[in-house]
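Visitor: Build me a model from this:
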Amino acid sequence: MQQPARHIADSHDMIEVRGARENNLASVSVDIPKRRLTVFTGVSGSGKSSLVFGTIAAESQRMINETYSAFLQSFMPSLSRPDVDSLRNLSAAIVVDQERMGANSRSTVGTATDAYAMLRIVFSRLGQPHAGSAGAFSFNLAEGMCPTCEGLGRVSDLDVGQLVDVERSLNDGAILVPNFAVDSWYWQTIVGTGLFDPDVKLQDFSAEQWQDLLYKPATKMKIGTSNLTYEGLVPKVRRLFLSKDKEPTQAHVKAFVERAVTFGTCAECGGARLNQAALASRVAGRNIADCCAMQISDLAEFVRGIDDPSVAPLVGNLRHLLDSLVEIGLGYLSLDRESGTLSGGEAQRVKMVRHLGSSLTDVTYVFDEPTVGLHPHDIARMNDLLLRLRDKGNTVLVVEHKPETIVIADHVVDLGPGAGPSGGKVCYTGDVAGLRRSDSLTGRHLDHRTRLRERVRTPTGHLPIRNADLHNLRDVDVDVPLGVLTVVTGVAGSGKSSLIQGSLPRREGVVIVDQSPIRGSRRSNPATYTGLLDPVRSAFAKANKVKPALFSANSEGACPTCKGIGVVYTDLAMMAGVATVCEECEGRRFTPEVLAYTLRGRNISEVLAMSVTEARDFFPSGPARKVLDRLADVGLSYLSLGQPLTTLSGGERQRLKLAIHMGEKAHTYVLDEPTTGLHLADVDKLLALLDRLVDAGNSVVVIEHHQAVMAHADWIIDLGPGAGHDGGRIVFTGTPAELVAGGDTLTATHLREYVGR
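Guide: Residues are numbered from 1 along each chain as shown. Have a look, this model is predicted:
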């Protein structure tokens, strides 16, 4: 394969960005070399994503969409042009992000990577006894799926106690199912049958009435004045909420399904999803379900043993795909793992594997922190994959904070100098050597190393974990010290989260602060979520002698057109919905009357548009300032108070939760990779914050790969030695100094190199 030339031949070898103004970008103009690896750096909120995703990738995808016919475009989401003067020499962009993969229970690692499709062909050719074509081994097709569970591997049952309250009558709201409230249409069809006295408690129903209410099959009946079909509550709930491939989207319906539905392994297929003919067919003693349940690293070995010439090319491709999954640090997964259960980092790496075998060249690949969730040992493999994509003649753009990945770049674009309004400018552009010599924040911190503590803190007690066996854990016993900073580490898939999050929640005084989505709609924002809006509304109400409710976008003061959201969402049925700025309030969310009220010269919309930094100056004291100080402490100074929570990254969500819990009385904080999305300079601030929490009498347990956090710890619990069934054991407990001095684990090797011992 021809290696790309390492010189810039002419202007066509540059992506030319001129006058980019998306979000906080200050009319940025920059040239990015094509067919190179360019890393974009800068503090959180400096404008990296606005430049890479919001401008370059967005315009590339918009222009590709415009090449389709008007008819096809009508089925595509409407993409607005980024706010930029000009973009030249773009190539097709493929975005490989950390968005969780679809939560559809029919999507697995095997189906998402095409590995399962290849396996199905192998079994259709070589399986004995012969079961049929490749479709006969698909749990998503009628010819292959288990008829009992319809290819899901589990069967559902309904907890009647979650459907009805037997101590109430129908008129008193005995039916607890969403959309079955008193006087609703569904409620009227039940009461209108005349089968039940609506004033009698359900516990006093006759056996026949109870059977009719819950289980009566669909029957034509006179209901009121109309001939309608009546069916019992259980089959109706199954049809409405649990029918094949129907995934509830509304939060209250999801919550109901989680409460009311109990799942058990399908007795007919044993959870394998396939019918008996497919399961009876074997290759080298294993059926296809056995292969999918194997750890991918083991499956790769099994596939290497298949040498039948009739499937040789296919097996070669399958072997390459499985080896790539192992190489990228996902060898501990299995092909039957549901896609929706993968972490953001795992999902991004699974998507990445699809592109490694692609024949496309001269494509722009865009990655969002591909090292998230990776141990230093795994980062080297990730770097190799990025370089391989580049060496195929592609342009690789990476938003990244980890120095291990920054230093392999051909070109660096550093944005800043700060976040939000203080960012959005190019601080440096050039090679890594020049970055080191520059006076930019990234350049100054690139070779910065956190030192081992001279004196570690003494534990005040211990939280015992005994016989932990979740997932790959091997009856693990360990004592988590209290009153100190403990770091739990190990390669991806070694069992860190299984140990801590499987054992410590629900214990008294333990607060879990993770990166999971925050419950709440697009109406929720940092101001509402942290309680900051309450003192802000009170201040506006007091200054203007009106009631506080006027200053809530969820209450009286909301713009009637957009209901206080600031944008109008148009549901286009089968097509992607479109959001447009509300023409009535121009995105300001409130009525003109409310916007006429001011506090020290600013209206409520202007205050919600402030960043945390600006708001701290605006509220120099009082309860609002206390909340704002905590947001600044956790590194969220750049967030605007009114930014929808749905737009926050996992790391930002975690730090927002931490800011809230810091105002409560807690004893033990458990944090899951809090350095996600943090610039090198901000990691020092995070360490100072963790120190303050411990020095205030709390215990802090951090699941983390970042070596600066490991070096700063009082105590380390290292899991391994590998991932999946090669992990699940404690391979070291002790101080970082002891790990560096005498440890023989992968973590010890990398930490020793990091601290220069």
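Visitor: need the helices for the stretch 151-300 of the chain, in chain order.
Guide: For the stretch 151-300 of the chain, the helices defined by DSSP state H, counting those that start in this stretch occupy 160-163, 185-191, 207-215, 233-241, 251-260, 276-280, 288-293, 296-304.
Visitor: So the nearest residue to residue 552 once chain neighbours are set aside versus residue 547, what's the distance?
Guide: Sequence neighbours aside, residue 537 is the residue nearest to residue 552 in space, at 6.4 Å (criterion: Cβ to Cβ, 6 or more residues apart in numbering). (C-beta placed from N, C-alpha, C; glycine too.) From residue 537 over to residue 547 the distance is 9 Å, taken as Cβ to Cβ, to the nearest Å.
Visitor: Settle it for me: which of those two has more neighbours?
Guide: Residue environment comparison for residue 537 versus residue 547 gives the larger neighbour count to residue 537, 20 against 12, counting by other Cβ atoms under 10 Å.
Visitor: Give me the buried stretch members for the helix or strand the more buried one falls within, please.
Guide: Using DSSP states H and E, residue 537 maps to helix 533-544. The neighbour-count check on helix 533-544 (16 or more other Cβ atoms under 10 Å) flags 533-537, 539-541 as buried.
Visitor: Take those residues and write them to a markdown table, including pLDDT and distance to residue 190.
Guide: Rendered in a markdown table, the data for those read as follows (pLDDT from 0 to 100; distance: Cβ to Cβ, whole Å):
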| residue | pLDDT | distance to residue 190 |
| --- | --- | --- |
| 533 | 94 | 41 |
| 534 | 94 | 42 |
| 535 | 96 | 47 |
| 536 | 96 | 46 |
| 537 | 94 | 43 |
| 539 | 96 | 50 |
| 540 | 96 | 47 |
| 541 | 95 | 46 |
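Visitor: Residues touching stretch 680-693, excluding its own?
Guide: Counting contacts by Cβ atoms under 8 Å, 6 or more residues apart in numbering, the residues outside stretch 680-693 that touch it are 43-44, 401, 403, 441-442, 444-446, 448, 450, 485, 633-635, 662, 669, 674-675, 678, 700, 702, 706, 708-709, 712.
Visitor: Mind giving me the packing neighbours of the helix or strand residue 499 falls within?
Guide: Mapping residue 499 onto the secondary structure by DSSP H and E places it in helix 496-501. Counting by 3 or more Cβ pairs under 8 Å, 6 or more residues apart in numbering; DSSP states H and E, the packing neighbours recorded for helix 496-501 are strand 461-468, strand 476-482, strand 485-489, strand 668-672, strand 699-703, strand 715-720.
Visitor: Figure out which of these is closest to residue 323.
Guide: strand 715-720 (21.6 Å; Cβ to Cβ).
Visitor: Tell me the helices and strands packed up against the closest one.
Guide: strand 476-482, strand 485-489, helix 496-501, strand 729-734, helix 736-742, helix 746-755.
Visitor: can you give me the mean pLDDT across that strand?
Guide: Strand 715-720 carries an average pLDDT of 97.
Visitor: give me the number of residues near residue 659?
Guide: Neighbour count for residue 659, taken as other Cβ under 10 Å: 26.
Visitor: ok, now which ones touch the residue nearest to it when sequence neighbours are not counted?
Guide: Leaving out its chain neighbours, the residue that sits closest to residue 659 by Cβ to Cβ, 6+ apart is residue 630, at 4.3 Å. With contact taken as Cβ under 8 Å, 6+ apart, residue 630 is in contact with 530, 659-660, 662-663.
Visitor: any idea how far residue 419 lies from residue 17?
Guide: Look at residue 419 and residue 17: by Cβ to Cβ, they are 20 Å apart.
Visitor: Would you mind listing the outside residues contacting the helix holding residue 499?
Guide: Under the criterion Cβ under 8 Å, 6+ apart, residues 465, 468, 470-473, 476, 478, 480, 488-490, 512, 514, 670, 672, 701, 703, 717, 719, 728 lie in contact with helix 496-501.
Visitor: before we move on, the earlier item: for the buried residues of helix 533-544, could you give me TSV that also reports distance to residue 172?
Guide: Supplementary listing: the buried residues of helix 533-544 in TSV, determined by distance: Cβ to Cβ, whole Å:
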residue	distance to residue 172
533	36
534	35
535	40
536	40
537	37
539	43
540	42
541	39
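Visitor: tally of neighbours for the nearest residue to residue 82 once chain neighbours are set aside?
Guide: With Cβ to Cβ, 6+ apart as the criterion, residue 82 has its nearest non-adjacent residue at 4.6 Å, and that residue is residue 55. The local packing of residue 55 (other Cβ under 10 Å) involves 23 other residues.
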